[in-house]
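# sequence first, then the predicted structure:
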Amino acid sequence: MRRMIFIFSGPSGAGKTTLIKHVLQTFDREVGVSISCTTRPPRGHELDGVDYHFIPPAQFATLVQNGAFLEHTECYGNRYGTLKSSVDDLLQIKLACIMDVEYQGASEILSDRCVSWATKIGILVLPPSIATLKRRLMNRKSETEESLNRRITGSFDVGKVAAYDYILVNNEIDRSRSQICQIVEKHLSS
């Protein structure tokens, strides 16, 4: 059976993490999540190796030079990337891998030149409005005014939409959970 990668992306505050956690709980035997690397410091509640692999910029640069990343990008002044080994190891024990990546990384993975050995399903998660996005980000209490404006400014680029198989507007969480489970079930059973 062909392995699958579910690529989730969208602006911070759209609800990707909440939906991913729900998919992992619902399909725990079939699906696992790839943990990305980042050069940014952890937020108060985040744990190394659970939320991200928090690594110094010099180590990140070495991994880039060695071709260790499936995708990598710079976003909001920090670097993010997905290790090839992380995805390969996960797909040895699970049918599908979930990745939470920025638009550029999603574009790289969804292209055949990057990953041709797995079925790729792109899922763009969006908030219903910029006002909702701003409220969600402010409720986190982890953003400065500058970082909040940067995140909102880059959040709704219509040109990014075409690369995705699904666009899920996360307006009502129970409905969105149901929709995402339908998408995952459809692909796991095909």
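Great, that's in hand. Numbering: from 1, shown residues only.
# A61: which element?
helix 57-65 (DSSP states H and E).
# how close does R3 get to R177?
24 Å (C-beta to C-beta, to the nearest Å). C-beta: built from backbone N, CA, C; applies to glycine.
# ok, back up a step: mean confidence score for the helix holding A61?
For helix 57-65, mean pLDDT rounds to 97.
# list of residues touching the helix or strand following it?
Downstream of helix 57-65, the next assigned helix or strand under DSSP H and E is strand 69-75. With C-beta atoms under 8 Å, 6 or more residues apart in numbering as the test, strand 69-75 has contacts from 37, 60, 63-64, 79-84, 87, 101-102, 104-106, 108-109, 114-115.
# mind listing what's buried in the helix ranked longest in the chain?
Taking DSSP state H as the criterion, the chain has its longest helix at helix 173-188. Buried residues in helix 173-188, counted by 16 or more other C-beta atoms under 10 Å: S176, R177, Q179, I180, C181, I183, V184.
# Serialize those residues to JSON lines and add fields for pLDDT and distance to L95.
Formatted as JSON lines, the buried residues of helix 173-188 follow (pLDDT from 0 to 100; distance: C-beta to C-beta, whole Å):
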{"residue": "S176", "pLDDT": "96", "distance to L95": "23"}
{"residue": "R177", "pLDDT": "97", "distance to L95": "20"}
{"residue": "Q179", "pLDDT": "97", "distance to L95": "20"}
{"residue": "I180", "pLDDT": "98", "distance to L95": "17"}
{"residue": "C181", "pLDDT": "97", "distance to L95": "15"}
{"residue": "I183", "pLDDT": "97", "distance to L95": "15"}
{"residue": "V184", "pLDDT": "97", "distance to L95": "11"}
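# right, I'll call it a day here.
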